[in-house]
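# Show me how the following folds:
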Amino acid sequence: MNVPQEKSLMLGSAQWGWTVSESEAFGLLDAWIAAGFRDVDCATNYPINRNPADFRAAEKILLKYVEAHGLRDLRITMKIGSLDNMRTPEINLSPSFILMMGEEYKRVFGDNLYGVMLHWDNRQEEAGIRASLEALNALQKESGIRPGLSGIAHPELYARANENDRLFFDIQLKHNVLQSDYARYEPLRVSVSENSGAKNHRFFAYGINAGGIKLEERYEAGSTFLSRGGQPEKVAAELEQIRAALPNLNTAFVRPPVKTMNHLGLIYAGLHPGLDGILLGVKTVNQLNETLDFWRNLDVFDYSDVAATLEKIARTHRDSRVAGKH
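Here you go, the predicted structure:
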């Protein structure tokens, strides 16, 4: 199956400066690099903790680490657009702002900067989106910065706006057994260059453990799920169905057992044929090491039956939610 060899992993930083301290973030980066990985994801509005004093705190932690270690071989993706970390829809994705931020990040991160993503775009005006893409195109031509998209509201408008520039995007989308935006991005999935001979865009899953949901439904103070306003009762039915399926899945084959939502998320995203990688939102070095250990299992053992069971559960609840709206 060779899943880890075929798909990329990125280290996320959405909790840095919030539930992850600077020293803990440094420890994560130490472990990440020691394990042979280089891709790191960040955004101007991280952490999104509704504390204005922490706006851009995550990128400051990342820059401090880069400078302290004299690094030149990271692959940092920066997401831009949000004007605050208050979870508001306010954005600036004008061409001048995109060029300014791209130039700034190239200056401060140097060779470590890999990509710039447009983030949280709710616009419905194709002309404005096209102007933003032209700015991304200029950054790519001038500095070799890979263009990307994350959490955009209207993929169909981006697909049409990209017909002229034909940019190859890295695209981040939420994907887990309880919620997936994969289907919503179909307009971009089918926009493949006939002349390239290769897939146009690369798709990365984030939120693979559904925002920190735990199978056992016991949450400590400061947990990611509760800090983001999660409500356990709203996902109780799905979790009960997952828990009911695990005993059979964990005895059917001789392989490491599936024990956590993180395991389930790695399988559900890692075995998805349309995804090219996963963004990891770990908080501790122990979580990171456990995640990487289980990820390597996917290269040795067959978990396709688990993926199929999770898809069946996800489809059942998606259909019931759609039916409930009519």
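# Which helix or which strand is home to the spatially closest residue to residue 95 that is not a sequence neighbour?
Once flanking residues are discounted, residue 95 sits nearest to residue 135: 3.9 Å by C-beta to C-beta, 6 or more residues apart in numbering. In this view, the C-beta of every residue, glycine as well, is placed from N, C-alpha and C. According to DSSP states H and E, residue 135 maps onto helix 126-143.
# Contacts for that helix, please.
Residues from elsewhere that reach helix 126-143 (C-beta atoms under 8 Å, 6 or more residues apart in numbering): 93-96, 98-99, 102-103, 106, 113, 116, 118, 121, 123, 145-147, 154, 157-158, 160-162, 164-165, 167.
# Name the residues of it that are buried.
Neighbour counts over helix 126-143 (16 or more other C-beta atoms under 10 Å) mark 128-140 as buried.
# Can you give me the buried ones in the following helix or strand past it?
Downstream of helix 126-143, the next assigned helix or strand under DSSP H and E is strand 146-150. The neighbour-count check on strand 146-150 (16+ other C-beta under 10 Å) flags 146-150 as buried.
# quick check, nearest of these to residue 264?
residue 150 (22.8 Å; C-beta to C-beta).
# Sticking with residue 293, tell me its helix or strand.
Here residue 293 is assigned to helix 285-297, by DSSP H and E.
# Can you spell out which helices and strands pack onto the helix or strand that comes right after that helix?
As assigned by DSSP H and E, the chain's next helix or strand after helix 285-297 is helix 304-324. Packing partners of helix 304-324 (3 or more C-beta pairs under 8 Å, 6 or more residues apart in numbering; DSSP states H and E): helix 236-249, helix 261-270.
# Next, the residue nearest to the spatial centre of the chain: phi, psi?
In the chain, the residue lying closest to the centroid (C-alpha atoms, centre = their mean) is residue 206, at 2.9 Å. The phi/psi pair for residue 206 (degrees, to the nearest 10) reads phi -130, psi 170.
# Let me know the pLDDT of residue 318.
As predicted, residue 318 sits at a pLDDT of 76.
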